[in-house]
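Trainee: Here's my sequence, what's the structure:
(4 chains)
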Protein chains: 2
Amino acid sequence: MDCSPLSASSKAVAIEILVHGAQSRTRLANRMGLSAATLTRLVRPLLEAGVLVESDAVRTPGRGRSSLPLDVVPDRYRFIGVKLTTESIYAVVTDLRAKILEREVVAIRSLRVPDVVAAVSAIVDVFQSHSDLPVDAVGVTVGGQVEAGEIVADSPFLNWHAVPFRALLREELGTPVHLDNDVVGLTQAQHWFGYGKGYENFALLTVGAGIGYGLVVNNTVVPTLVSPISHYPVDPAGPLCPLGHRGCMTAYLASDSIISAVSVGHGRLIGYDEVLEMAKADDPIASRVVSEAARALGRTASAISSLTGVELIILSGEGVHLAEVAQSSVEQGLIEYDVPRGPNSECVVRPMTFFEWARGAAAIAIQAEFPG
Amino acid sequence: MDCSPLSASSKAVAIEILVHGAQSRTRLANRMGLSAATLTRLVRPLLEAGVLVESDAVRTPGRGRSSLPLDVVPDRYRFIGVKLTTESIYAVVTDLRAKILEREVVAIRSLRVPDVVAAVSAIVDVFQSHSDLPVDAVGVTVGGQVEAGEIVADSPFLNWHAVPFRALLREELGTPVHLDNDVVGLTQAQHWFGYGKGYENFALLTVGAGIGYGLVVNNTVVPTLVSPISHYPVDPAGPLCPLGHRGCMTAYLASDSIISAVSVGHGRLIGYDEVLEMAKADDPIASRVVSEAARALGRTASAISSLTGVELIILSGEGVHLAEVAQSSVEQGLIEYDVPRGPNSECVVRPMTFFEWARGAAAIAIQAEFPG
DNA sequence: CGTTTATAATTTCTTTGTGAAAGTATTAAG
DNA sequence: CTTAATACTTTCACAAAGAAATTATAAACG
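Mentor: Now for the predicted structure:
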């Protein structure tokens, strides 16, 4: 995406429109605290570069000239987002607004680095063969610690250490590549295009094979380390996690923990989805495990609220369906330690598919190519 | 403090020097990412206004012209900081660097608003009578929620609600007055002049009659609500707090909780300091209460680290001496739920007197008169 | 000693970002 | 057709900041 000759302020205007939709110059000026004159000037190069277009004039009730909403040209750009899991590669093609245009899953045959690079490359090729339009950038996200957008320093899921993944991908793919942690990507996507839109600060808590945590303060993603939340202590009298912590998030909420707790109770192997079904059907063991997990989730959300002061907490991840099954338990955990003033955070459950995570990867690419 | 004709950038230079000490123009330019030319320009009005002075030339080994360090003129300005507690008013006179020049405590006779206003006014008058130099501004901090720097919305300690304290003080005092929450003031003071100096983000956790919590992210004090941390859940199997929470921070760490736990155990009223003495002397009841409180403190610090990603946690408040008595318990709480990578926060115990809090109030005045 | 070299600070000039104010374009109401 | 209201543009002025050249100072070196 060629936006080098654009000034930082112009880009800020484009991003405002990207995130908050088509707007007139006057409205943009008000929202961004700039004068109308400045806006005219900032918009001109964006129109010339074809980043923005003027839509048809819009009449507002009352007298006066109609306004000319400005909008980005989403189809002018195409991004690919790729999210790696241990089992599959989820990939999407999106426009500039991170709207998903195409999606694809392929099973992962091997977690060896060259195999994964080849598999990602294959998907990108497939997408590119579907259309004549070029892909502007590819975003890739993985669970685990990513250093400086270049190296997968440590991914317990993939069992990778110090892999210069971005360089390897760039060599293989023809397009620019951007790499980041998966939760960072999802958080960024939620902030710009999702449920966190319009919030200056919010937290994203995801539950699945692992626990994820993203934090936005002052409109900026805080680079929190990924690991510690997974073992956040909920109840020192709770169940044991593989690292030997009593009652930590992993012990309560990691899918393996839930599966094994219910399986042991019933003396047979029971899958995650089945656990939720059983809990819905009031199976006593499944109900207890699920409701305690939901309560742990609520308590952690409450702690996030207390310690960060965010206005919104989004609960998500594949495993968050348990929050729907045991909504009252989440609620209970949330308000258990409430103070008279009550929580200052709104807490919402928003299940997301892996394609949503892939969209997060695309958001990383969009952000990188469109630095605000 | 008359700094209206100074530009925002000039003020930023002054604050850089205020916080990080005397520096040459070249060094300032490097640290602030500005050109040497710009620095010369920004410094001139500060020299003219008498905010800065050039010290004697300093030689650095090697050739070249000597540098002329620039420093603020601390004695040119005088601030008063006032911290209200239920029992006393702690007040200090400071210079621009928040260095304490004079200090004063007076017992509070009545918590009625007009009486407190009169008492604060009396202290300010006493300070002003000590010197011919005028006071530039007075900062006042209180425990409880302060709205927009104007109104004490709710202070359980003083039992005040919706008191327009700033307006009342301004009427009584001749000087500019600034009002804020006490923890916000202490946090700001620590960030600029204390142990948080040089950190982009850190947390301050104070223990005393109540629990306090201040958070700095991206060099900005996050306006977290004061209340929720007081009832942060540490261990759902712990002791009960007055609000009925099991094992919350207040239950473990509020001075009343500790006093009453030990007093009940021994069947007589025992003061806070005596509890610590007894714990040092291995009294079983006091030791248990103190070490559990210390462990709760460590666990909360660990949670702050996990959920905010700060680099530093400062433990303080009158009650933090228990962390010194039971250091190993704090440590235990900190690492209990550690992950392989370990905590990403340094955690330090820094006891502070109430005069330090008064200094925090002065910092509010300094910040308000010196907006960066 | 002067000359060279290195560093600090300043001056001059230019670029860039911004707003104020005046002007143009467009629309509805009288 | 005039007036008023609103959207946008143009012109001008100003402020912030850097680049490059200039001055100031100090050590090293022949």
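Trainee: that's a helix at residue A:6, yeah?
Mentor: No - assignment of residue A:6 by DSSP: H, G, I helix; E, B strand; the rest coil gives coil, placing it outside any helix.
Trainee: Touching, residue A:186 and residue A:364? I think so.
Mentor: No - if you go by Cβ atoms under 8 Å, residue A:186 and residue A:364 don't touch, sitting 9.7 Å apart. Just so you know, the C-beta spots here come from the backbone N, C-alpha and C atoms, and that holds for glycine as well.
Trainee: which residues are common contacts for these two?
Mentor: residue A:141 (Cβ atoms under 8 Å, 6 or more residues apart in numbering or on different chains).
Trainee: Would you mind naming what in chain A lies close to DNA strand D?
Mentor: Within reach of DNA strand D by Cβ under 7 Å from any atom of the strand, chain A has these residues: A:24-27, A:36-37, A:39-41, A:43, A:60, A:62-68.
Trainee: State the next helix or strand along the chain beyond the helix or strand hosting residue A:179.
Mentor: Here residue A:179 sits within strand A:177-181, counting by DSSP states H and E. Of the helices and strands lying after strand A:177-181 in sequence (DSSP H and E), the nearest is helix A:182-193.
Trainee: What is the subsequent helix or strand relative to that following helix?
Mentor: With DSSP H and E, the next secondary element past helix A:182-193 is strand A:202-207.
Trainee: Buried by neighbour count: which residues of that following strand qualify?
Mentor: A:202, A:203, A:204, A:205, A:206, A:207 (16 or more other Cβ atoms under 10 Å in any protein chain shown).
Trainee: of those residues, closest to residue B:277?
Mentor: residue A:203 (42.4 Å; Cβ to Cβ).
Trainee: list the buried ones in stretch A:57-77?
Mentor: In stretch A:57-77, counting by 16+ other Cβ under 10 Å, buried: A:67, A:68, A:69, A:70, A:72, A:76, A:77.
Trainee: can you pull out the strands in the stretch 51-200 of chain A?
Mentor: Assigned by DSSP state E, counting those that start in this stretch, the strands in the stretch 51-200 of chain A fall at A:52-54, A:70-72, A:79-84, A:88-94, A:100-107, A:137-142, A:145-147, A:151-155, A:160-163, A:177-181.
Trainee: can you redo those as JSON lines with distance to chain B and mean pLDDT?
Mentor: Converted to JSON lines, those look like this (distance: least, Cβ to the nearest Cβ, whole Å; pLDDT from 0 to 100):
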{"stretch": "strand A:52-54", "distance to chain B": "30", "mean pLDDT": "90"}
{"stretch": "strand A:70-72", "distance to chain B": "28", "mean pLDDT": "91"}
{"stretch": "strand A:79-84", "distance to chain B": "21", "mean pLDDT": "96"}
{"stretch": "strand A:88-94", "distance to chain B": "26", "mean pLDDT": "96"}
{"stretch": "strand A:100-107", "distance to chain B": "30", "mean pLDDT": "94"}
{"stretch": "strand A:137-142", "distance to chain B": "17", "mean pLDDT": "96"}
{"stretch": "strand A:145-147", "distance to chain B": "8", "mean pLDDT": "90"}
{"stretch": "strand A:151-155", "distance to chain B": "8", "mean pLDDT": "91"}
{"stretch": "strand A:160-163", "distance to chain B": "12", "mean pLDDT": "93"}
{"stretch": "strand A:177-181", "distance to chain B": "13", "mean pLDDT": "95"}
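Trainee: May I see the ones you listed arranged in CSV, with distance to DNA strand C as well?
Mentor: As requested, those are exported to CSV (distance: least, Cβ to the nearest atom of the strand, whole Å):
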stretch, distance to DNA strand C
strand A:52-54, 12
strand A:70-72, 16
strand A:79-84, 26
strand A:88-94, 29
strand A:100-107, 33
strand A:137-142, 24
strand A:145-147, 31
strand A:151-155, 33
strand A:160-163, 37
strand A:177-181, 24
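Trainee: Format those strands as a markdown table; extra columns: distance to residue A:296.
Mentor: Output for these, formatted as a markdown table (distance: least, Cβ to Cβ, whole Å):
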| stretch | distance to residue A:296 |
| --- | --- |
| strand A:52-54 | 46 |
| strand A:70-72 | 41 |
| strand A:79-84 | 26 |
| strand A:88-94 | 27 |
| strand A:100-107 | 30 |
| strand A:137-142 | 26 |
| strand A:145-147 | 24 |
| strand A:151-155 | 25 |
| strand A:160-163 | 29 |
| strand A:177-181 | 23 |
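Trainee: Tell me which of these sits nearest to residue A:259.
Mentor: It's strand A:88-94; of these, that one is closest to residue A:259 (Cβ to Cβ) at 18.8 Å.
Trainee: List the neighbouring strands of that closest one plus their orientation.
Mentor: Paired with strand A:88-94 in the same sheet, following DSSP bridges, are strand A:79-84 (antiparallel), strand A:100-107 (antiparallel).
Trainee: Would you point to the one among the ones you listed that's packed deepest?
Mentor: Most buried of the strands paired with strand A:88-94, by mean neighbour count (mean count of other Cβ atoms under 10 Å in any protein chain shown): strand A:79-84, with a mean of 28.
Trainee: residues from chain A in reach of chain B?
Mentor: Selection of chain A residues close to chain B by Cβ under 8 Å from any Cβ of the partner chain yields A:213, A:215, A:217-218, A:220, A:222-225, A:227-233, A:235-237, A:243, A:245, A:248, A:299, A:302-309, A:336-341, A:343-344.
Trainee: ok, 6 Å please
Mentor: Applying Cβ under 6 Å from any Cβ of the partner chain, we find that chain A lies next to chain B at A:217, A:222, A:224-225, A:227-229, A:231-233, A:235-237, A:245, A:248, A:304, A:306-309, A:337, A:339, A:341, A:344.
Trainee: In ChimeraX, select just the buried ones from the residues you listed.
Mentor: Here is the ChimeraX command that selects the buried residues among these (16+ other Cβ under 10 Å):
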select /A:217,222,224,225,227,228,229,231,232,233,235,236,245,248,304,306,307,308,309,337,339
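Trainee: Filter the residues of chain A next to chain B down to just the ones in helices.
Mentor: If you go by DSSP state H, these have A:304, A:306, A:307, A:308 in helices.
Trainee: before we move on, the earlier item: what's the closest of the buried residues of strand A:202-207 to chain B?
Mentor: Nearest to chain B out of those is residue A:203 (Cβ to the nearest Cβ; 8.3 Å).
Trainee: what's stretch A:106-125 in contact with?
Mentor: Here stretch A:106-125 makes contact (Cβ atoms under 6 Å, 6 or more residues apart in numbering or on different chains) with A:80, A:82, A:87, A:88, A:89, A:91, A:104, A:158, A:163, A:168, A:172, A:173.
Trainee: all strands for the stretch 201-350 of chain A, in order.
Mentor: Going by DSSP E, counting those that start in this stretch, the stretch 201-350 of chain A shows strands at A:202-207, A:211-217, A:220-222, A:312-316, A:346-349.
Trainee: Quick check: which of these is nearest to residue A:282?
Mentor: Closest among the strands of the stretch 201-350 of chain A, using Cβ to Cβ: strand A:346-349, at 20.9 Å.
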